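Asker: what's the 3D shape of this:
(4 chains)
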2 protein chains.
Amino acid sequence: MGVGRPREFERDVVLDRAMQVFWSRGYEATSIRHLVDRMRIQRGSLYDTFGDKRALFFAAIDRYDRVVTAKLLAALDEPASGKDAIRRFFRFKVELALEPRRPRGCLVTNSASELASRDRGAATRVGAVLAKIEAAFHRAVVRAQKAGEVDRTRDPRALARFLTSSAQGLSVMAKAFPERAVLEDIVGVVLAALESRRIPWAKSST
Amino acid sequence: MGVGRPREFERDVVLDRAMQVFWSRGYEATSIRHLVDRMRIQRGSLYDTFGDKRALFFAAIDRYDRVVTAKLLAALDEPASGKDAIRRFFRFKVELALEPRRPRGCLVTNSASELASRDRGAATRVGAVLAKIEAAFHRAVVRAQKAGEVDRTRDPRALARFLTSSAQGLSVMAKAFPERAVLEDIVGVVLAALESRRIPWAKSST
DNA sequence: TGTTTTCTTGACCGATCGTTCAGGAACTGA
DNA sequence: TCAGTTCCTGAACGATCGGTCAAGAAAACA
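Answerer: Numbers count the residues shown, from 1 in each chain, chains lettered A, B, ... in the order given. Model prediction:
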């Protein structure tokens, strides 16, 4: 920081606040006026720091990736049993979903639904986060297969895709039915799914 | 239709058009101006017929329920094997997701993500549709259990919740990664999940 | 033809939207 | 102190928002 007036706020502090707002209300329904209120800076400072509303939104997604998703991924990459890691991920996700003061659902899921088919930048970011999650699931599945916890004849990529999709489904259900019993039922079956054998079931009537 | 000028448009025809728009852009990002363009009626007619934007949106959800979801549910309630019915549902869902000129994702999933935590009316409607889907899955699972296609020791409610959640996850993934290979991988694992035995896995480290 | 009823149109309304920028404030360095 | 740099504020801008309603049109009926 050289010559000039020092900034009065921490960029990441106000970005966290913006992230909460976007997470709660989505992009389109969030006005600059609301953001200004919640971030506790004025409009000019918002624009000077982040550029414009869309750029701020992207910064919020990136922040979510670094703060929230990173925790979920850390749970997956623990050098323990792949099976335990996956369970820990979903456990954490359920707890996250039921936290009282936290917005419902997941910023990435919400953004995929709201914007992925209309905004290239959002689609790119959302796709990157989902791909990252899938890759982490993939590593955990491979670990589990090596340890004999998951049947080795199963396609780890398909399992990783399934687990990623299940996490998104859980986020949506958490929004529509924020009840522990519902979410735990779902997680129970998802985790049990890793126990099944490889069966060409989906194709049997082709 | 008694005295007075006859209406020049069919309510359901213009409602279908509105549904396409909301499905594609969501609620907040859809302006009356855009709706007017797409529905091919003027603002006054839109308000006279549907009341206001929110009411039109609800009418569109109800229409989606009657036109699209009903087809999916019909696939589930076919008096055939419960297992086949579930497979047919997901097959149909993948085809729907990959149709070229159809909006990505699913209006219900999108609405849950966008509005369920902020708009009571939307939450109610979305919740009702999801509950309907879950009930249909439940019936199919029970049928499959009776026929010995699915292990009877499994909780049909948990399985129905899982399948409903999986359908939502698939809609989100279809938006982020609209590729057949991805969606079919997911469906393959979802369907294989019904093959697994009941194992108290999610609770083993309590 | 005139009256009544219902429908269609689109200009208009007040409010809000996202963005800009002039004026003033807080700092450094000469 | 002054000049330059950077930050903060919020009024103002042009555009758009959702909703209203007066005027005219299309019908049935007397």
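Asker: Could you measure from A:Leu56 over to DNA strand C?
Answerer: As for A:Leu56, its distance to DNA strand C is 8 Å (criterion: Cβ to the nearest atom of the strand, to the nearest Å). C-beta coordinates here come from the backbone N, C-alpha and C atoms, glycine included.
Asker: Going by proximity to chain B, name the top residue of chain A.
Answerer: A:Gly169 (2.9 Å; Cβ to the nearest Cβ).
Asker: Not including adjacent chain positions, what is the nearest residue to that residue?
Answerer: For A:Gly169, ignoring the flanking residues on the chain, the nearest one in space by Cβ to Cβ, 6 or more residues apart in numbering or on different chains is B:Gly169 at 2.9 Å.
Asker: And the one you found, which helix or strand is it part of?
Answerer: Using DSSP states H and E, B:Gly169 maps to helix B:156-176.
Asker: So which other helices or strands are in contact with that helix?
Answerer: In terms of contacts (3 or more Cβ pairs under 8 Å, 6 or more residues apart in numbering or on different chains; DSSP states H and E), helix B:156-176 is packed against helix A:107-115, helix A:120-146, helix A:156-176, helix A:180-193, helix B:82-98, helix B:107-115, helix B:120-146, helix B:180-193.
Asker: switch to 6 Å and redo it
Answerer: Contact partners of helix B:156-176 among helices and strands, from 3 or more Cβ pairs under 6 Å, 6 or more residues apart in numbering or on different chains; DSSP states H and E: helix A:107-115, helix A:120-146, helix A:156-176, helix A:180-193, helix B:120-146.
Asker: ok, and which of the ones you listed has the densest surroundings?
Answerer: helix A:107-115 (a mean of 28; mean count of other Cβ atoms under 10 Å in any protein chain shown).
Asker: Once you drop chain neighbours, what's closest to A:Ala176?
Answerer: Using Cβ to Cβ, 6+ apart, the closest residue to A:Ala176 is B:Ala112 (4.9 Å).
Asker: how far away is that neighbour from DNA strand C?
Answerer: For B:Ala112, the distance to DNA strand C - Cβ to the nearest atom of the strand - is 22 Å.
Asker: likewise A:Val108?
Answerer: Relative to DNA strand C, A:Val108 is positioned 21 Å away (Cβ to the nearest atom of the strand).
Asker: show me where pLDDT drops low in chain A?
Answerer: For chain A, the stretches flagged by pLDDT under 70 are A:1-2, A:196-206.
Asker: hmm, 90 instead?
Answerer: Scanning chain A with the threshold set as pLDDT under 90 gives A:1-8, A:78-81, A:100-105, A:113, A:115-118, A:120, A:194-206.
Asker: thinking again about what came up before, my guess is the residue of chain A closest to chain B meets B:Ala167, correct?
Answerer: No. Assessed by Cβ atoms under 6 Å, A:Gly169 is found out of contact with B:Ala167, at 7.3 Å.
Asker: tell me the SS of A:Arg102?
Answerer: Of the three states, A:Arg102 takes coil under DSSP: H, G, I helix; E, B strand; the rest coil.
Asker: That one: neighbour count?
Answerer: 14 (other Cβ atoms under 10 Å in any protein chain shown).
Asker: OK, contacts around it?
Answerer: Going by Cβ atoms under 6 Å, 6 or more residues apart in numbering or on different chains, A:Arg102 touches no other residue.
Asker: How about A:Arg157: what's its closest non-neighbour residue?
Answerer: That would be A:His138: by Cβ to Cβ, 6+ apart, it lies 6.4 Å from A:Arg157.
Asker: my read: the one you found touches A:Ala160, true?
Answerer: Yes. Using Cβ under 6 Å, A:His138 is in contact with A:Ala160, at 3.9 Å.
Asker: Which one, of the helices and strands packed on helix B:156-176, ends up nearest to DNA strand D?
Answerer: Among the helices and strands packed on helix B:156-176, the nearest to DNA strand D by Cβ to the nearest atom of the strand is helix B:120-146 (12.6 Å).
Asker: Give me the spatial nearest neighbour of A:Asp155, chain neighbours excluded.
Answerer: The nearest residue in space to A:Asp155 (Cβ to Cβ, 6+ apart) is B:Asp185, at 7.2 Å.
Asker: Quick check: the gap between the one you found and A:Asp65.
Answerer: According to Cβ to Cβ, to the nearest Å, B:Asp185 and A:Asp65 sit 24 Å apart.
Asker: Same question for A:Val94.
Answerer: 20 Å.
Asker: A:Val150: helix or strand, and which one exactly?
Answerer: Counting by DSSP H and E, A:Val150 is part of no helix or strand.
Asker: Name the nearest residue to it, ignoring sequence neighbours.
Answerer: A:Val150's closest residue in space is A:Ala144 (Cβ to Cβ, 6+ apart), at 4.1 Å.
Asker: In contact with that neighbour, which residues are there?
Answerer: With Cβ under 6 Å, 6+ apart, A:Ala144 has these contacts: A:82-83, A:150.
Asker: residues from chain A in reach of DNA strand C?
Answerer: A:2-6, A:30-34, A:43-44, A:47, A:52-54 (Cβ under 7 Å from any atom of the strand).
Asker: Of the residues you listed, which belong to helices?
Answerer: In helices, judged by DSSP state H, the following of the residues of chain A next to DNA strand C are found: A:32-34, A:43-44, A:47, A:53-54.
Asker: Make a PyMOL selection of the buried ones in those residues.
Answerer: Burial among these is assessed by 16 or more other Cβ atoms under 10 Å in any protein chain shown; the matching PyMOL selection reads:
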select buried, chain A and resi 53
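Asker: wouldn't the residue nearest to A:Ala176 be in contact with A:Ala174 here?
Answerer: No. With contact defined as Cβ under 6 Å, B:Ala112 does not reach A:Ala174; the gap is 9.7 Å.
Asker: With the flanking residues excluded, which residue is spatially nearest to A:Tyr27?
Answerer: Per Cβ to Cβ, 6+ apart, closest to A:Tyr27 is A:Phe57, 5.4 Å.
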